[in-house]
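**Student:** After the sequence you'll find the predicted model.
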Amino acid sequence: MVRVCKLAGLALLAAALTACAAPVTPVSTPSPHDPAAQVEAPALGDARAALERGDYAVAVELLGAPVGPAHAAMLARARIGLAREAMAAAPGEARALRAALDQVGLALALRPDEPALRDELLNLERAIVTLLAVEDLRLALLARQPVAEDPSALDLARALAGRASAAAASEPRLPGAERVAATGLLAAAAVFEEAGAGASQEDAAARWQEAHRFCERAMALQTSKAARSCLERLASKLNPPASTTTPATPTPAALPLPRPTVAPRPPARSPGSAFGVAQRKSFDGSGNSGQFASCIDIQVLGPGGPIAGAVLGINNGDHSYQNQTDAGGYTGRCGLGASTWSVVLFWTPQTGSVSGATTTVYLNGAPDQRAAVVFRAR
């Protein structure tokens, strides 16, 4: 009996030892750096809600330092929101553009994984830098006044006008972009207007014509009293009013011999008159669809084929856009609503400023309406 009890005790001891030796399955505890744990974190949910309602400063504060790709993407979007808020609060002002650029730089430093988000940040950075370059050039030009003491101001003014045209055509469209570009063009025009005052008659006419083209382009971007005044002054200088003073009647003895009648010389044609509208497709009388999805396709052709880098304007009085042609001479604009739109060719690399090349097309906003305009050198 004692032996049986000993055997039973040994069996129970062996079973207990076996149970203790069996591996214990660990309970899964999410790491604080696990993206799944981040999604469930209350602070991250609050940040997402702040982002959705447009409270970007609160979202940045809640997000803090990013600990994963999703976290970094949310923080980058919040900083994009802060950049756009800064520009909307003071459209076109340098201090607002620099504050926005700081936010974009912080967002880029996060290196977000999403390609679309990275592209949005890079495009936004490029557009802001372009506008700031226009403002910096304008201030540098003002520092070189008066022009008579610094002939290089004309080269700087041309550079400013070119940069302003590029800024107006850059994407995405930023608040105040048209105002910055128009102000730069008017500053360039003022330099050429002043330079013409002390020049020979031929040089003065050429400089005033160039200034007039800058004012036209500024007016197309933003209708303003300054642009209108610029156009009126230069038009008066280029086409001075005829004298209304009646000459004294000479005595018979002083009458000169008759001279052969000479026909007046026609005014010189500007480079822009060499372009005409070769093709135009419009949708006149199509009504209002209530949408903003129509497009205008444009191509510029020269004697040797498509012209790349040409600057064109599209406007309807309330909205104004500038575009540049690609290597195939093409450009265009979509997202347009019901209106009659003017299409203007402003400048080409081959001819410089262009005047007189313009047409209009009508769109009703529907996505199936794509107007087309082709400018061709005559």
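**Tutor:** Looks like it came in fine.
**Student:** Which neighbouring elements make contact with the helix ranked longest in the chain?
**Tutor:** Taking DSSP state H as the criterion, the chain has its longest helix at helix 115-142. Applying 3 or more Cβ pairs under 8 Å, 6 or more residues apart in numbering; DSSP states H and E, we find helix 115-142 packed against helix 69-89, helix 94-109, helix 153-169, helix 177-197. In this view, the C-beta of every residue, glycine as well, is placed from N, C-alpha and C.
**Student:** Now the ones you listed in a markdown table, please, with extra columns for mean pLDDT and mean neighbour count.
**Tutor:** Converted to a markdown table, the helices and strands packed on helix 115-142 look like this (pLDDT from 0 to 100; neighbours: other Cβ atoms under 10 Å):
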| stretch | mean pLDDT | mean neighbour count |
| --- | --- | --- |
| helix 69-89 | 91 | 20 |
| helix 94-109 | 92 | 19 |
| helix 153-169 | 83 | 22 |
| helix 177-197 | 87 | 25 |
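**Student:** Distance to Leu312 added to the ones you listed, as CSV?
**Tutor:** Output for the helices and strands packed on helix 115-142, formatted as CSV (distance: least, Cβ to Cβ, whole Å):
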stretch, distance to Leu312
helix 69-89, 25
helix 94-109, 25
helix 153-169, 8
helix 177-197, 14
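**Student:** which one of the ones you listed lies closest to Ala204?
**Tutor:** Smallest distance to Ala204 across the helices and strands packed on helix 115-142 (Cβ to Cβ): 3.9 Å, for helix 177-197.
**Student:** Of all the residues in the helix or strand just after the closest one, which ones are buried?
**Tutor:** Toward the C-terminus, helix 177-197 is succeeded by helix 201-221 as the next helix or strand (DSSP states H and E). Buried residues in helix 201-221, counted by 16 or more other Cβ atoms under 10 Å: 204, 206-221.
**Student:** Same question for stretch 128-145.
**Tutor:** For stretch 128-145, by 16+ other Cβ under 10 Å, it's 128, 130-135, 137-138, 141.
**Student:** quick one: which of the residues you listed is nearest Ala164?
**Tutor:** Of all these, Ala164 sits closest to Val134, with 5.1 Å by Cβ to Cβ.
**Student:** how does this structure divide up, domain by domain?
**Tutor:** Domain assignment for the chain, taken from automatic domain parsing, gives 38-113, 144-238, 272-377.
**Student:** okay but Leu117 is in contact with Ala76, surely?
**Tutor:** Yes. Between Leu117 and Ala76 there is a contact under Cβ atoms under 8 Å: 6.0 Å.
**Student:** which one of the helices and strands packed on helix 115-142 lies closest to Asn323?
**Tutor:** helix 153-169 (5.1 Å).
**Student:** Please work out the angle formed by the directions of the closest one and helix 177-197.
**Tutor:** 160 degrees (axes from the mean of the first three to the mean of the last three Cα atoms, to 10 degrees).
**Student:** what helices or strands is helix 153-169 leaning on?
**Tutor:** Using 3+ Cβ pairs under 8 Å, 6+ apart, helix 153-169 sits against helix 115-142, helix 177-197, helix 201-221, strand 311-315, strand 320-324.
**Student:** how far is it from where the chain is centred?
**Tutor:** For helix 153-169, the separation from the chain centroid amounts to 14 Å (computed by Cα atoms, centre = their mean, to the nearest Å).
**Student:** on that earlier part again, among the helices and strands packed on helix 115-142, which comes closest to Leu122?
**Tutor:** In terms of Cβ to Cβ, the element of the helices and strands packed on helix 115-142 nearest to Leu122 is helix 94-109, at 7.6 Å.
**Student:** So which elements touch the closest one?
**Tutor:** Helix 94-109 packs on helix 69-89, helix 115-142, going by 3+ Cβ pairs under 8 Å, 6+ apart.
**Student:** the inter-axis angle of that helix versus helix 69-89?
**Tutor:** Counting by the same axes, to 10 degrees, helix 94-109 lies at 170 degrees to helix 69-89.
**Student:** From the rest of the structure, what touches helix 94-109?
**Tutor:** For helix 94-109, the external contacting residues (Cβ atoms under 8 Å, 6 or more residues apart in numbering) are 75-76, 79-80, 82-84, 86-87, 89-90, 118, 121-122, 124-125, 128-129, 131-132, 135.
**Student:** any chance of the helices and strands packed on helix 153-169 in TSV, plus distance to Gly45?
**Tutor:** Formatted as TSV, the helices and strands packed on helix 153-169 follow (distance: least, Cβ to Cβ, whole Å):
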stretch	distance to Gly45
helix 115-142	20
helix 177-197	36
helix 201-221	44
strand 311-315	44
strand 320-324	40
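**Student:** how about those, which one is nearest Thr359?
**Tutor:** Closest to Thr359 of these is strand 311-315 (Cβ to Cβ; 11.1 Å).
**Student:** got the angle for that closest one vs helix 201-221?
**Tutor:** In terms of direction (the same axes, to 10 degrees), strand 311-315 departs from helix 201-221 by 40 degrees.
**Student:** these two touch, right, Pro303 and Thr351?
**Tutor:** No. Between Pro303 and Thr351 there is no contact under Cβ under 8 Å: 10.9 Å.
**Student:** Good, wrapping up.
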